[in-house]
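>>> The following block contains a protein sequence and its predicted model.
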Amino acid sequence: HRGSPRLTPLPPDVRMHAEWFYRLRPEAGGHTRAAGLQENRLGPEMDFALTETQEMYRRVARDFAERELAPQAAAVEEQGQFPWENVRKLAQGEYFGMAVALRYGGLGLGALTSAIILEEICRCCVNTGAILQGTMVCAHLLEKYALEPIRRDYLVPVARGQAVAAFAATEPQSGSDINSHTTAAVRDAKDYVLNGRKAFIGNAVEADFVVVLARTRTEGGHDGFTWVIVDRGTPGYSVGRREKTMGIRALSVAEVYFKNVRVPTSNVVGTEGQGLEILSNGLQWANIFLMTEAIGLAQAALEASIRYAKERRSFGVPISHHQAIQFMIADMATELEMCRMLSHKAAWLCDKGLPYDRYATMLKIAAPDMAMRLTNNAVQIHGAAGYCQDFPVERYMRQARLYSIGEGTSEMHRQALARLIFKEGA
């Protein structure tokens, strides 16, 4: 278009910036290479590639999951029993300690590398990944907020895979409506006396300890809640019947009860009245990993659909040759990758110590819908076979339904994101 009379001349300020960017071209000497990264005057170029170390962990996790977890995944779901053998294998591979700091016996890998690993585990067995994720959330809360003696006492066994943990916030009559919660911890000398119950708690039956949100001020308010740790076997603590869930059936989900349970003040996580602040931070961190479960599950559904579409024939050709199937596969792959990138961005910001709540919330909104669409399409691509338990996609579809409900409904997160956008801008 050079010299075209239709082109409007650039305004002076835009022309100045255009000339400045022109000078940054490599042939103009505007780029330098340092530490293997392309740099210019604006700083390092954006790099979406995983590091060699992250790729190594991804390969190791994939090989482990395909070899040790995938062959039993269907049976684990069908039997609906806690997969102790899988948990022992995770412990041997130090997977429970991947996000725990080195000084507590963990690997200290950070959020992004841990998410990459968890996706590979959930791609092969989301039941096992869900058990791991629930314990990781509790470990994160303790490492970030608990006093040093508590960290040593609880994080070291978690990192070794010797303890399973449960995160207990939801109550039977209310989940997201925190101000309606009634579980209370009343101070009595050097202890709190805890009474109440929590509902739909993952890992409840097997948990060695439970991190519990309790009301410590009857008048309520944002400073009226506190987190406390309750050990398995503490007098007055009990677990109710196990729920029969639609999917992810090996993850034990149950109510937990507290009747005059005495909790030492040393078992407070953070400080008294810090409960809602910790809950907000914990949920954002948990969202990265809960949605990583959904991403791993969706990846498995996509791969199963591709395999089936190449094998199944209709009208004389594999159904992968039909445009309707091609469009579905293209959309599935696109949606999955968008959510994966959002997950990686949230985890990367977390590792950098930068605010990531906006992106973790976006992820919690986008990933459940993506997982449901992908698994639904996977069933559709399989046709009648997809409706049968001989193929894994009907299992994937049932399992995917959890993610728009768990750790805050999608509606609550949409509302929270909207408030954040109106406050901070788009």
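Looks like it arrived, so ask away.

>>> Would you map the helices across this protein?
12-23, 52-64, 73-79, 84-92, 110-124, 126-145, 148-159, 275-311, 323-351, 357-382, 393-400, 410-424 (DSSP state H).

>>> closest one to residue 103 among the ones you listed?
The closest of the helices of the chain to residue 103 is helix 148-159. By CB to CB, the value is 8.8 Å. The way it works is simple: take the backbone N, C-alpha and C, and place the C-beta from them, glycine included.

>>> Now that closest one: buried residues?
Neighbour counts using 16 or more other CB atoms under 10 Å place 150, 151, 153, 154, 155, 156, 157, 158, 159 of helix 148-159 among the buried residues.

>>> And for it, what's in contact with it?
Applying CB atoms under 8 Å, 6 or more residues apart in numbering, the contact partners of helix 148-159 are 94, 96-97, 100-101, 104-106, 135, 138-139, 142-143, 146, 163, 165, 208-209, 229, 266-267, 269.

>>> sorry, back to before: could the helices of the chain go into TSV alongside distance to residue 202?
Shown next, in TSV, are the helices of the chain (distance: least, CB to CB, whole Å):
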stretch	distance to residue 202
helix 12-23	51
helix 52-64	22
helix 73-79	15
helix 84-92	14
helix 110-124	14
helix 126-145	5
helix 148-159	15
helix 275-311	10
helix 323-351	20
helix 357-382	16
helix 393-400	13
helix 410-424	18
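
>>> would you list those in CSV and tack on mean pLDDT?
Converted to CSV, the helices of the chain look like this (pLDDT from 0 to 100):
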stretch, mean pLDDT
helix 12-23, 43
helix 52-64, 96
helix 73-79, 97
helix 84-92, 97
helix 110-124, 97
helix 126-145, 97
helix 148-159, 96
helix 275-311, 95
helix 323-351, 97
helix 357-382, 97
helix 393-400, 98
helix 410-424, 92
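
>>> closest to residue 255 out of the ones you listed?
Of all the helices of the chain, it is helix 126-145 that lies closest to residue 255, at 15.7 Å by CB to CB.

>>> contacting residues for residue 48?
By CB under 8 Å, 6+ apart, the neighbours of residue 48 are 341, 344.

>>> Please read off the pLDDT at it from the model.
In this model, residue 48 is scored at 86, pLDDT.

>>> now residue 407
pLDDT, read off for residue 407, is 86.

>>> can you tell me how far it sits from residue 248?
13 Å (CB to CB, to the nearest Å).

>>> Equivalent analysis for residue 142, please.
Counting by CB to CB - residue 142 and residue 248 are separated by 24 Å.

>>> Pick out the residue closest to the middle of this protein.
residue 289 (1.5 Å; CA atoms, centre = their mean).

>>> ok, it to residue 241 distance?
For residue 289 relative to residue 241 (CB to CB), the value is 27 Å.

>>> Kindly report the same for residue 286.
According to CB to CB, residue 286 stands 25 Å off from residue 241.

>>> swap in residue 188?
According to CB to CB, residue 188 and residue 241 sit 30 Å apart.

>>> more neighbours, these two?
Ranked by neighbour count (other CB atoms under 10 Å), residue 188 and residue 241 place residue 188 first, with 11 against 8.

>>> Skip the chain neighbours and tell me the closest residue to that one.
residue 262 (7.7 Å; CB to CB, 6 or more residues apart in numbering).
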